[in-house]
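Asks: Following is a predicted model, sequence given first.
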Amino acid sequence: MTEWIPDALGAADALRDLARGRVPAPAALEVGWLRVPLARRAEAVPVVPATVRAHLHRTVERALRGYEPAPEVFSYRALTWDYRTAFGARGARMRALAGRGDLPLVLSLDVHRFGRSLGLSTLLDAAWMTEELAALLTRLVAEAGHCLLSGHHWANRVGGAALAPVDAVLGRLVPGRWLRWADDWHVFVRDAGEAERARVAVRDGLAALGLTLSADKSDLRPAATVLAGPARDVAGEPAEVWRAGVDGGDLRALRYALPRLAPDARVSAEVPSVVRRWPALLPRAVRYLDGAARTAHGRAAVTELLDGVERDPFAAARLLALAGRHPELAALIPGPVLASAGGDGSPVALRELATRVAVLDRRPHLAPEPTPRLVPWVAGGGHAGSSPPSVATLL
């Protein structure tokens with residue numbers, strides 16, 4: 001339930017409704033926009049409140065109740081899917097195929113701008129589509145401009161299911177010699193001719209869905225190259241992995257280490273510069289700082305990360321979520337950050353985080369007008385033990 005902006009109340013109300021099986025349809029699909037640093041570029045992504053996410057999540061799971069992805073699909077397989085376990089299983093399968101002497105080449109295939117390109121009409125024609133989900137996606141397209149919201153578990157579930165016809169093509173053409181993660185296929189082949197036949201088959205299968213292959217991210221390479229790339233599964237003592245990542249500029253090592261590190265003065269001192277170099281690491285850094293919040297070096301790192309953050313709503317969202325969990329950090333949030341996060345043009349979720357921090361730090365004059373779901377919390381005085389925001393993330 002974390003999405004791009006953590007929920008101000010830890011999604012407690014949404015999770016409670018989900019547990020009871022009563023998730024009311026939102027009166028409006030209010031969509032805000034946030035510029036997010038991704039691995040290769042920064043991109044404006046649509047964001048919605050937690051209650052809307054909960055309704056989308058439940059509706060999608062109801063629609064996909066009878067859908068079973070091919071065993072070669074490792075991403076977002078089910079409601080109980082776990083990122084780390086699935087990523088490890090994908091790497092193990094790649095290593096096994098790359099180790100076969102009869103498959104010297106690997107064909108990598110990726111869909112061009114998949115989330116933005118998958119059309120509503122294609123989804124509406126899917127065998128698992130329901131009237132309830134069709135109506136919700138139609139409303140979403142009208143507000144956000146496309147069907148699948150980046151970074152959402154429910155959207156990845158829908159996107160993965162939509163690619164099942166292409167999976168079926170590869171299952172017939174190269175059985176047992178392919179795998180998929182999200183919209184990214186790896187096909188292990190005997191020679192260039194077999195690779196071209198697989199590429200054409202996938203291209204034609206995607207064309208039937210209104211999609212195209214990415215020219216930049218589709219290529220044919222020696223199979224052994226995956227062992228240092230997608231099949232590389234970082235493991236080890238977090239402090240050692242962190243040190244190696246800092247010394248070698250290894251982004252994957254840093255991603256692994258940050259949420260697993262114990263509070264450490266040297267690590268805390270390094271975190272701000274690491275995040276400045278790789279802004280997409282901020283959510284993982286916040287996971288680390290969640291454990292270091294009660295230390296002087298953790299607070300110093302937060303203070304440094306807050307410099308200029310009023311101009312960066314994505315960073316403000318993560319740091320406000322952290323301050324909403326730790327009253328000792330709430331006092332560090334400058335007034336201009338609360339004012340910019342609580343502005344009328346900010347996404348609902350960001351305004352709610354600003355409300356939480358302002359109330360916790362007894363600066364109500366800087367709090368935006370509370371949204372309906374926060375009114376009871378504000379009226380109750382807002383206390384630190386009341387459903388603190390989650391800082392978990394897949395980024």
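Replies: Sure, I can see it.
Asks: Is residue 392 part of a helix or strand, or is it coil?
Replies: coil (DSSP: H, G, I helix; E, B strand; the rest coil).
Asks: Name the nearest residue to residue 250, ignoring sequence neighbours.
Replies: Excluding the flanking residues, the one nearest residue 250 by CB to CB, 6 or more residues apart in numbering is residue 244, at 6.5 Å. C-beta here means a position set from N, CA and C on the backbone, and glycine is covered the same way.
Asks: Mind pulling up the pLDDT for the one you found?
Replies: On pLDDT, residue 244 comes in at 96.
Asks: Can you give the distance of the strand or helix carrying it from its chain's centre?
Replies: Using DSSP states H and E, residue 244 sits in helix 238-248. In terms of CA atoms, centre = their mean, to the nearest Å, the centre of helix 238-248 is found 24 Å from the chain centre.
Asks: Tell me, domain by domain, which residues of this protein belong where.
Replies: Domain segmentation of the chain under automatic domain parsing yields 69-114+158-228, 238-379.
Asks: And whichever helix or strand comes after the helix holding residue 244, what does it pack against?
Replies: Going down the chain from helix 238-248, the next helix or strand is helix 251-257, by DSSP H and E. Applying 3 or more CB pairs under 8 Å, 6 or more residues apart in numbering; DSSP states H and E, we find helix 251-257 packed against helix 238-248.
Asks: Okay, buried residues for the helix it packs on please.
Replies: Buried positions in helix 238-248, judged by neighbour count with 16 or more other CB atoms under 10 Å: 238, 241, 242, 243, 245, 246.
Asks: thinking again about what came up before, isn't the residue nearest to residue 250 right up against residue 251?
Replies: No. Using CB atoms under 8 Å, residue 244 makes no contact with residue 251, being 11.9 Å away.
Asks: what does the helix or strand of the chain with the lowest mean pLDDT rub up against?
Replies: None of the helices or strands of the chain scores lower by mean pLDDT, DSSP states H and E than helix 12-20, at a mean of 78. The contact list for helix 12-20 (CB atoms under 8 Å, 6 or more residues apart in numbering) reads 1, 7, 23, 24, 50, 51, 53, 54, 57, 58, 373, 387.
Asks: Against residue 242, how distant is residue 266?
Replies: Residue 266 sits 10 Å away from residue 242, going by CB to CB, to the nearest Å.
Asks: next one: stretch 164-177 to chain centre, how far?
Replies: 27 Å.
Asks: in it, what counts as buried?
Replies: 164, 166, 167, 169, 170, 171, 173, 174, 177.
Asks: Over to stretch 225-235?
Replies: Neighbour-count burial for stretch 225-235, counted by 16+ other CB under 10 Å, picks out 226, 230, 231, 233, 234.
Asks: Show the end-to-end separation of it, please.
Replies: 19 Å (CA to CA, to the nearest Å).
Asks: What lies in contact with that stretch?
Replies: For stretch 225-235, contacts defined as CB under 8 Å, 6+ apart pick out 87-88, 90-92, 94-95, 98, 106, 181, 186, 241, 252-253, 255-256.
Asks: try it again with 10 Å
Replies: For stretch 225-235, the external contacting residues (CB atoms under 10 Å, 6 or more residues apart in numbering) are 84, 87-99, 105-106, 108, 179, 181, 184, 186, 188, 219, 221, 223-224, 241, 244-245, 250, 252-257.
Asks: Cool, thanks, signing off.
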